[in-house]
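Participant: Pasting the sequence and the predicted coordinates here, then a few questions.
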Amino acid sequence: MLCSSQLVPSVQAWARELGFSQIGVAGVDLSSAEPGLMQWLEKGFHGEMHYMQSHGLKRARPAELVPGTVSVITARMDYLPASMFAGQGRGWQAVEWDRLRRPEEAIVSVYARGRDYHKVLRSRLQKLAERIAAEIGPFGHRAFTDSAPVLEAELASRSGQGWRGKHTLILNREAGSMFFLGEIYVDLALEPTAPVSAHCGSCTACIDACPTAAIVAPRRVDARRCISYLTIEHAGAIPEELRPLMANRIYGCDDCQLACPWNKFAQPSRLPDFDARPGLAGSSLVAFFAWEEAEFLRRTEGSPIRRIGHQRWLRNLAVALGNAWRDTGDEAVRAALAGRAGHEDALVREHVAWALAQREP
């Protein structure tokens, strides 16, 4: 049986076999993060994500969330599809910027073009826990992937996965920010891995690039203005003043990461799970808008996109089509919108009406 000092290097080796990019260990005292969390909640920056407030400080207290927790094993996994690195001389960031310049192309955030990461990471974290148990015997543990009140970025930064960028995401010198995070809360006393220093300096590229000015200060995001929040978490009408700024982004937004210089070091995923599904990159807004609910459910099975449902899918597309109608005057765009003008759902109808009003026919 391995002693605690030998266990972490072994866990790191086992994790690499499972497709993880890096493993770290953090302690459970996150008290220094509590004031910032409370200030963010008090300002209402969490928007309609009421679960973030209902859990309160439990997010910063791992031993309260899972009694008996002594250490947290942190993991990260690169997610860029390998195809994004094949035969390209300009780099994946330039290619994605080009997509945003084509107003009638539907833009889905890169991370959501493949399989639902929650399922992929949780399964592999559980396998990692089972491998540890096979070595040391049964132990208390619980795995998380963006699935519970966990301060993922705080734990990741404390355990050396990277530093908090000004966009609040974790940045790694060898991998940028294009990776998922996961954790295993354990009742084992493990030696923490060392944090790394920050390397953003005076750069404000992510802040400057945000289409809706959602990054209100370094490492402080007002989710209510964030396109990822608006297209995924927000259930109601999208504020009218923000709709023109969303352009053709229909699920998530990568702009702050596209602008970040560190992402020239982003690495391709070693797993085929995150390969882009056919059609989720390069398709037109009109084509996606034509999906009825049955087709939406079939095409998004096993995808993170399915969680927003068909209604929000059409809402998001209506906004993007309105922006495309304004910018191009393409009659096919207007016709697609007109075809949904009498949709049974009031939320969809309202966004379609707005979209049609963006340009005189």
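Facilitator: Received the coordinates, thanks. Numbers count the residues shown, from 1 in each chain.
Participant: Averaging pLDDT per element, find the lowest-scoring helix or strand in the protein.
Facilitator: Every helix and strand of the chain was ranked by mean pLDDT, DSSP states H and E. The lowest is helix 50-54, at a mean of 62.
Participant: Next secondary structure element downstream of that one?
Facilitator: Downstream of helix 50-54, the next assigned helix or strand under DSSP states H and E is helix 62-65.
Participant: in that following helix, what counts as buried?
Facilitator: For helix 62-65, the buried set under the neighbour-count rule, 16 or more other Cβ atoms under 10 Å, comprises 62-63, 65. Using the backbone N, CA and C atoms, a C-beta is placed for each residue, glycine as well.
Participant: And for stretch 285-298?
Facilitator: Those would be 285-286, 288-289, 291, 296, for stretch 285-298 by 16+ other Cβ under 10 Å.
Participant: Spatially central residue for this structure, please.
Facilitator: residue 111 (6.6 Å; Cα atoms, centre = their mean).
Participant: Report the separation between the closest residue in space to that residue that isn't next to it in sequence and residue 175.
Facilitator: In space, and not counting its chain neighbours, residue 111 is closest to residue 79: 5.5 Å by Cβ to Cβ, 6 or more residues apart in numbering. Separation of residue 79 from residue 175 (Cβ to Cβ, to the nearest Å): 10 Å.
Participant: ok so residue 24 is a strand residue?
Facilitator: Yes - the assignment for residue 24 (DSSP: H, G, I helix; E, B strand; the rest coil) places it in a strand.
Participant: angle of the helix or strand hosting residue 120 against strand 22-26?
Facilitator: Assigned by DSSP H and E, residue 120 falls within helix 117-136. Put simply, helix 117-136 runs at 70 degrees to strand 22-26, going by axes from the mean of the first three to the mean of the last three Cα atoms, to 10 degrees.
Participant: Give the buried residues for helix 117-136.
Facilitator: 117-118, 120-122, 124-125, 128-129, 131-132.
Participant: How about stretch 38-49?
Facilitator: Buried, per 16+ other Cβ under 10 Å, within stretch 38-49: 40-41, 45-47.
Participant: Among the residues you listed, which one lies nearest to residue 230?
Facilitator: Of all the buried residues of stretch 38-49, residue 47 has the smallest distance to residue 230: 8.7 Å, by Cβ to Cβ.
Participant: I'd like the distance from the closest residue to residue 124 other than its chain neighbours to residue 208, if you could.
Facilitator: Spatial nearest neighbour of residue 124, excluding adjacent residues (Cβ to Cβ, 6+ apart): residue 18 at 4.6 Å. According to Cβ to Cβ, residue 18 and residue 208 sit 37 Å apart.
Participant: For the stretch 101-250 of the chain, which segments are assigned as strands?
Facilitator: For the stretch 101-250 of the chain, applying DSSP state E, counting those that start in this stretch gives strands covering 107-108, 141-144, 163-164, 170-171, 179-186, 215-217, 220-221, 249-251.
Participant: Among these, which comes closest to residue 195?
Facilitator: That would be strand 163-164 among the strands of the stretch 101-250 of the chain, by Cβ to Cβ, at 7.7 Å.
Participant: Pull the residues that contact the closest one.
Facilitator: Strand 163-164 has contacts (Cβ atoms under 8 Å, 6 or more residues apart in numbering) with 153, 157, 170-171, 195-200, 219.
Participant: Dump those residues to a markdown table, plus distance to residue 140, neighbour count and pLDDT.
Facilitator: Output for the contacts of strand 163-164, formatted as a markdown table (distance: Cβ to Cβ, whole Å; neighbours: other Cβ atoms under 10 Å; pLDDT from 0 to 100):
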| residue | distance to residue 140 | neighbour count | pLDDT |
| --- | --- | --- | --- |
| 153 | 24 | 19 | 93 |
| 157 | 25 | 23 | 97 |
| 170 | 26 | 23 | 98 |
| 171 | 32 | 26 | 98 |
| 195 | 25 | 16 | 96 |
| 196 | 29 | 16 | 97 |
| 197 | 33 | 6 | 96 |
| 198 | 33 | 14 | 96 |
| 199 | 36 | 14 | 97 |
| 200 | 37 | 19 | 97 |
| 219 | 33 | 16 | 94 |
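Participant: Mind checking which of the residues you listed are in helices?
Facilitator: 153, 157 (DSSP state H).
Participant: Same list (the contacts of strand 163-164) but as CSV, adding distance to residue 271.
Facilitator: Formatted as CSV, these follow (distance: Cβ to Cβ, whole Å):
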residue, distance to residue 271
153, 22
157, 24
170, 19
171, 22
195, 27
196, 25
197, 30
198, 29
199, 27
200, 29
219, 30
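Participant: So residue 355 is in contact with residue 325, correct?
Facilitator: Yes - with contact defined as Cβ atoms under 8 Å, residue 355 counts as touching residue 325 (6.2 Å).
Participant: what residues do those two have in common as contacts?
Facilitator: residue 337.
Participant: okay, now the nearest residue to residue 68 once chain neighbours are set aside: neighbour count?
Facilitator: Spatial nearest neighbour of residue 68, chain neighbours left out: residue 187 (4.4 Å); criterion: Cβ to Cβ, 6+ apart. Neighbourhood size, residue 187 [other Cβ atoms under 10 Å]: 15.
Participant: list the contacts for residue 187?
Facilitator: 68-70, 139-141.
Participant: What of residue 240?
Facilitator: Contacts here follow Cβ under 8 Å, 6+ apart; on that basis residue 240 touches residue 354.
Participant: make it 10 Å
Facilitator: 319, 350-351, 354 (Cβ atoms under 10 Å, 6 or more residues apart in numbering).
Participant: Also residue 263?
Facilitator: Taking Cβ under 10 Å, 6+ apart, one finds 80, 91-93, 171, 175-178, 205-206, 254, 256-257 in contact with residue 263.
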